[in-house]
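>>> With the sequence up front, the predicted model follows.
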Amino acid sequence: MGECMSDRDEAFADYFAARSGSLRTTAYLLCGDWHRAEDLVQTAFTKLYLHWNRVNRDESLDPYLRRVLIHAFIDEGRWGWWRRERPHDAPIERPAAAPAPAEDRLMLLRALAVVPPRQRAVLVLRYWQDLSVEETAAALGCTAGTVKSQAARGLATLRALVGAPVTAD
């Protein structure tokens, strides 16, 4: 019995080592804070570990883990209202000179933090993770139409905040 646990733990540790970095980046894009991203990743991997024996090995673990992460993020936003970012009345100011790529990235990350959590999740999955509409819908547990409408609303919010065209496709 101990040998099976050892094999189970080793398989989980290998999977964690392979996927935790990219999942942390996804979590950061969702919440905009590295410490919260670590918490979300820890929550996701803890839930995965608890169900490790029941997770179907024929399926890829990545979509399951991504779904757990997204739900943890949305649940945190739902129950941790005091920690959520609040939208501002004025758009984020852009520098007068053409910003450097790093400044563009920071401005976009700040704007993304203002987008409502569900829309932010759709934007991250669709345009950062490059998932299809159907894969995004599966990860969020919603319809393809909901993904499309949430993506359109999220992009509109980003456009309003950044003040420049944000293209998706």
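In hand now; what should we look at?

>>> List the buried residues for the helix or strand of the chain with the lowest mean pLDDT?
Ranked by mean pLDDT, DSSP states H and E, the weakest helix or strand in the chain is helix 101-114, scoring a mean of 80. For helix 101-114, burial by neighbour count (16 or more other C-beta atoms under 10 Å) applies to M107, L108, A111, L112, A113, V114. Glycine gets a C-beta too; all of them are placed from N, C-alpha and C.

>>> and the closest residue to the fifth one other than its chain neighbours, what does it touch?
Looking back up the chat, that one is A113. Leaving aside its sequence neighbours, A113 sits nearest to G32 (C-beta to C-beta, 6 or more residues apart in numbering; 3.8 Å). Neighbour list for G32: E85, L109, R110, L112, A113 [criterion: C-beta atoms under 8 Å, 6 or more residues apart in numbering].

>>> Closest to Y64 out of the residues you listed?
Taking C-beta to C-beta as the measure, Y64 sits nearest to L112 out of these, at 24.6 Å.

>>> OK, contacts around the closest one?
L29, G32, R120, L123, V124, L158.

>>> Now do the contacts for the last one.
For L158, the contact set (C-beta under 8 Å, 6+ apart) comprises L108, A111, L112, V115, L123, V166.

>>> Quickly note the distance from the residue nearest to A113 to V115.
10 Å (C-beta to C-beta, to the nearest Å).

>>> Likewise for A156?
Counting by C-beta to C-beta, the gap from A156 to V115 is 10 Å.

>>> that older thread, among the contacts of G32, which two are most distant?
E85 and L109 (11.4 Å).

>>> burial count for S60?
Neighbourhood size, S60 [other C-beta atoms under 10 Å]: 10.

>>> ok, now A137?
A137 is flanked by 20 other residues according to other C-beta under 10 Å.

>>> does it really touch T143, like I thought?
Yes: using C-beta atoms under 8 Å, A137 makes contact with T143 at a distance of 5.9 Å.

>>> Report the angle between the helix ranked longest in the chain and helix 101-114.
Longest helix in the chain by number of residues (criterion: DSSP state H): helix 2-31. Relative orientation of helix 2-31 and helix 101-114, computed by axes from the mean of the first three to the mean of the last three C-alpha atoms, to 10 degrees: 100 degrees.

>>> Give the next helix or strand downstream of helix 2-31.
helix 34-50 (DSSP states H and E).
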